[in-house]
Structure formats: structure tokens, C-alpha cells
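Enquirer: What follows is a protein structure lacking sequence information:
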């Protein structure tokens, strides 16, 4: 079955792309009175000005508001979860992976909850951060169909250069808000993104019709639920206290930063090198670790000799000492100090013992990079990668995790990222001497690209040094 999006119809833009681009450049440069702005649609011009007022960068990447775990829980509870199959059926009939567009469903704040559709388009748009969990409101990324539709509370189409963000200008999109069928407050937004086929009059009609169909389905479901016989009253369960959210920042820093957010408070603490290593290992190994295994990861397998004086030989018949040697004794002493520090800074994070584990899940900025790579947000992942994990640490477990993050980033970018992202990666310390990466960039650049000469010289210099 052919996709309904494969019937491409050209849209006649009100002005040429070149005029819009020049008007955008003048506005961003501070020339708000430039006469070329008159050639831009009023809807777009007003949105550009709101974007400037919100201090949105012209090449800003969207913030990732929801982690993978938060996204999964939030989606399950969201009202639009009940109609997601309807969205797929109406907007992605046939072979969705070859539809030529991606369909996104977001919440009332502009955060994308579902992004599905053409595999190749998803890969390319993911490069600019059009992924699940990212914030695509006007305040975050400027003029774009999802955020502008929410701001104006009406369906909109944004074509190519009309986007405020230059990273988004290769794409076009149509979006419509979805309302609560009774209160009429905005529940979310439906967006279709692709080439010019995403901004035809037919595309806007289809997106609008889908939003209205969703509202009708939600109303029918509510009326049906109200018609059911009432269930016997049950005693209300005690209010569940939400767990504390904690983030450990370890990328490009030796003294990790621990950010803890709870109901009505937020704390930021700096950890010493050893406490950073211990907390990172517990965050990576969420199932828990024995004292011996944690000691191996932090001190190394030879810690029994290096971490402190050897045990004296016990008298015949005396019970064997608990633990795994002097390394384990040192570990336990360090864990006591870590517990004391966390008791003051973040009591909910004080580790449990036997095995050592964290009662509250701690996310790291390194895990956030891995999550972004899994979602295909390569450019956002690279921007979030601020350097190696605890770069000066020689703890075996830290070195292993550091290599895991670096290799995952490199492999994902080399397999799927655009040449611009690869060139940006080549400027980082992690890829400074990567000849294979540089050769891949060279192969992807056009024959007459001015960047080729610098790449060739850099490759020759690295190979000469070898």
C-alpha cells in the first residue's frame, strides 16, 4: 500500500526562500525594522519576534526535558496514550518506515512524547534533536509547527526557511493542537515533518482532521466510562511520595557535581575524586555491588596490597576476618565518609549495604548522552558530551565506563550522523587523533568543499607522526 504522503504536491511559497533567509539574517542581527521583513508572513514574523524575546539561539539545540525512564512513565499516564494507535492509523497508513515523513505527538508544553515514521527521515531529523523527550516549544527552539501551534492554539504550517532555528530550516512541518473535548484546554499537539509534502493544503487538512478525530474519541471514551455502573468505594491509598531526582555530572570534570531535586528543594554538591568514583560505580551498577566487587572497581584487584597495611595472620582457631582484605577495609572506611557527606547533602542517596546500592536512582550526564544516541539525537548528544568521564581517574571501573561512553558515541556518530556533526566531533579531544573518522568526513564532503584541504593536511600530519 502506498503512503498517503507519497503524493507530493508543490506548494507555492509567498516569497522565495532567499528573501526569507535574508529577512531572518537581518532580524537576528538586530535590524528589526529592515524592509525585507515585510516579505515574511505575519504569522512567521510575529513568531520570530517572540523567539527573540525568549532569547532563543538561531542554532539552539532543543533541551531534553525527559529522560528515558521519565518519558516512559509520563507517556503511560498521558491522555493521548489512549489514542496513539488512531494517530498511527490516520497519519501513517501502509509502510510507516517508508512514508517520507515523521509524525510526532507532543504534550501541551511542546515536549515530544512519540516520534514515528520514515526511518531515514527520523535519522536525519533526530540529528537536530527532533526526538522523544525533547522540548519543541517556541520558548525552546523558536518558530516551528509544534510550538507555534500550541502558542497560537490553531493549526499552522512552517516551511523551510520560515523556521527561526537554522538547524531546522531544511524541513517543513504542519501541526495542530489537540484539546480536551470538554474543557477545551490544550492536551497536546500533532505534528507532521518532512519535505514540501508535509506543508500541502491536504497535509494541513489531514492533521486538523486527525486532531478533531482524537478529541471525538476521547469524548466517546469518557461518556462510555460514565455510563458504566459505579464500582464499590475503596479506601484511598496513602499519597505516594515521589522519589528524589538526582543527577551526577561526571563528563569532563574530576570533581563530580551532584544535583538533587525534591519537593520544594534543590541542592548542588561537589564531590571529591574518590567519592565521585564510588557514587558513579553505584549509579552504573544499579543492581548493587558487594564490598569486594566495589573495591575492585575503585581500587583495582591488587587493592589488598596497595590500599593499606596487610592483615596480621590470625591465631589458630580464630574466626576469619570479615571482608576481602585491606582493600575492603579501606573501602568500608571510605563508604562511611561518603555516607556522612550524603547525609548532609542528599539523605535519600545514602547507600544501602549488603550489597552496596542506591535506594534512589541516580542518573549521570554520561547516561543522558547514551540515551540521546539511542534516540538518534546525534547533534544533541555531541553537545551534551563535555569530555571524558572523570578524565583523571584511574579507577578500573571508571576507565571501563569512560571507554564505553566514548566508543558508543564514536560508533553511533560514524554510523548515522551527518558530516557536520562528524566534523564537530573531530574537534573534540576524544577524536583529535582519529584518522579513520577524518577519512570518513573527507569521503562525505562534496568534491569542491573548502573543508577538504584542511582535513587532508590534518590526516597527513597524523600519519606522518605515526
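Expert: Everything's here; your move. From a predicted model like this one, the values you see are computed outputs, not experimental measurements.
Enquirer: buried stuff in stretch 184-197?
Expert: Residues of stretch 184-197 classed as buried by neighbour count (16 or more other Cβ atoms under 10 Å): 186, 187, 188, 189, 190, 191, 192, 193, 194, 196, 197. All C-beta spots, glycine's among them, are computed from the backbone N, C-alpha and C.
Enquirer: Now flag whichever of those is closest to residue 341.
Expert: Of all the buried residues of stretch 184-197, the one sitting nearest residue 341 is residue 188; the distance, using Cβ to Cβ, is 42.3 Å.
Enquirer: doesn't residue 109 make contact with the closest one?
Expert: No. Proximity of residue 188 to residue 109 does not meet the contact threshold set by Cβ atoms under 8 Å, at 9.1 Å.
Enquirer: re earlier: switch the buried residues of stretch 184-197 over to CSV; also include pLDDT.
Expert: Shown next, in CSV, are these (pLDDT from 0 to 100):
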residue, pLDDT
186, 96
187, 96
188, 97
189, 97
190, 97
191, 97
192, 97
193, 97
194, 95
196, 91
197, 91
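Enquirer: Strands - which of those land there?
Expert: With strands defined by DSSP state E, the entries of these inside them are 186, 187, 188, 189, 190, 191, 192, 193, 194.
Enquirer: Residue 66: which of those residues is nearest?
Expert: Of all these, residue 66 sits closest to residue 188, with 13.8 Å by Cβ to Cβ.
Enquirer: Contacts only, for residue 104.
Expert: Residue 104 makes contacts with 112, 114, 115, 116, 130, 136, 146, 190, 191, 192, 193, as judged by Cβ atoms under 8 Å, 6 or more residues apart in numbering.
Enquirer: So it, which state does it fall into?
Expert: For residue 104, the secondary structure call by DSSP: H, G, I helix; E, B strand; the rest coil comes out as strand.
Enquirer: Name whatever forms a beta bridge with it.
Expert: The residues listed as beta-bridge partners of residue 104 by DSSP bridges are residue 115, residue 191.
Enquirer: Relative to residue 115, how far out is it?
Expert: Residue 104 sits at a distance of 5 Å from residue 115 (criterion: Cβ to Cβ, to the nearest Å).
Enquirer: Could you name every residue contacting both of these two?
Expert: In the contact map built from Cβ under 8 Å, 6+ apart, the residues linked to both residue 104 and residue 115 are residue 130.
Enquirer: re earlier: specify which member of the ones in strands among the buried residues of stretch 184-197 is nearest to residue 260.
Expert: Sorting these by distance to residue 260 puts residue 188 at the head of the list, at 30.2 Å, by Cβ to Cβ.
Enquirer: check contacts around the closest residue to residue 84 other than its chain neighbours.
Expert: Once flanking residues are discounted, residue 84 sits nearest to residue 114: 6.0 Å by Cβ to Cβ, 6 or more residues apart in numbering. Going by Cβ under 8 Å, 6+ apart, residue 114 touches 75, 84, 87, 103, 104, 105, 132.
Enquirer: what about the first one, how many neighbours?
Expert: Look at residue 75: counted by other Cβ atoms under 10 Å, it has 18 neighbours.
Enquirer: mind listing what it touches?
Expert: With the criterion set at Cβ under 8 Å, 6+ apart, residue 75 makes contact with 81, 113, 114.
Enquirer: mind redoing it with 6 Å?
Expert: Applying Cβ atoms under 6 Å, 6 or more residues apart in numbering, one finds that residue 75 lies in contact with 81, 113.
Enquirer: Specify the local secondary structure of it.
Expert: Reducing the assignment to helix, strand or coil with three-state DSSP, the entry for residue 75 is helix.
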